[in-house]
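Trainee: Take a look and give me a structure for this.
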Amino acid sequence: MLDQEPPPRPGRFIFEFSGARTAFPEGLGMIKEGGRYMVTGQIDGPGKEVPVRPGFITRQQLTIMGTWSGHIAEYRKALDFMKNTHGKYDFGALVPNRYRLDQATEALTRMRAQEDIKPMLVPHATEGI
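Mentor: I've put the predicted structure just below:
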C-alpha cells in the first residue's frame, strides 16, 4: 500500500492481516499520533527481524497489540459476515493462490519463502487451478 501515489492518509486504527513481516514497519508508517495498531498472525524466527525505531512508538504514543488467532466463536461471526456480504466484497481476492493437494509441498515452500502469504489447498481439484 505504501507505494501508492499519493501515500495513504494516516489512520487512527491500523490492522495488519497479511502476516508478512515487512508489513509491520509499513503499518507503523500509516498510524496517526496516538493511534492503535493491531498485528495478527505474524510468524517469525531468528534472522527475520525488521527495522523498528522504538522512539517512534513512544514519541507517537502508539498502542500496539498482537494476536495469534481468534476465539472459535469469532470464526462463526466472520463466516456469517462473509455469507451476508459476499455480493459486496470480493473475499476471493484475500486468497489469490489455490493449489491442488499434489501441490501442497510447493504451496508450503512458497509460504515459507513469503512468496505466497495465504495459499489455499483445494483437496478435490483435479485440473489446474
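Trainee: Can you list the low-confidence ranges for this structure?
Mentor: Residues of the chain meeting the criterion pLDDT under 70: 1-8, 128-129.
Trainee: Tell me where it has helices.
Mentor: Secondary structure of the chain, counting by DSSP state H: helices at 23-28, 54-59, 72-85, 104-112.
Trainee: Out of those helices, the one nearest Glu127 is which?
Mentor: Nearest of the helices of the chain to Glu127, taken as CB to CB: helix 104-112 at 16.2 Å. (Each C-beta comes from the backbone N, C-alpha and C, glycine too.)
Trainee: what helices or strands is that closest one leaning on?
Mentor: Contact partners of helix 104-112 among helices and strands, from 3 or more CB pairs under 8 Å, 6 or more residues apart in numbering; DSSP states H and E: none.
Trainee: For the most centrally placed residue in the chain, which non-adjacent residue is spatially closest?
Mentor: Nearest to the geometric centre of the chain sits Ser18, at 1.5 Å (CA atoms, centre = their mean). Spatial nearest neighbour of Ser18, excluding adjacent residues (CB to CB, 6 or more residues apart in numbering): Ile117 at 5.4 Å.
Trainee: Contact partners for that neighbour?
Mentor: Contact analysis of Ile117 by CB atoms under 8 Å, 6 or more residues apart in numbering lists Ser18, Gly19, Ala20, Met111.
Trainee: Give me the distance between Met65 and Asp102.
Mentor: 39 Å (CB to CB, to the nearest Å).
Trainee: Asp116 - how many residues pack around it?
Mentor: A count of nearby residues for Asp116, using other CB atoms under 10 Å, gives 18.
Trainee: I figured it was touching Ala107, is that so?
Mentor: Yes - the pair Asp116 and Ala107 passes the contact test of CB atoms under 8 Å, sitting 6.7 Å apart.
Trainee: any common contacting residues for those two?
Mentor: Asn97.
Trainee: Could I get the buried residue list for stretch 98-111?
Mentor: Within stretch 98-111, the residues scored as buried using 16 or more other CB atoms under 10 Å are Tyr99, Arg100, Gln103, Ala107, Arg110, Met111.
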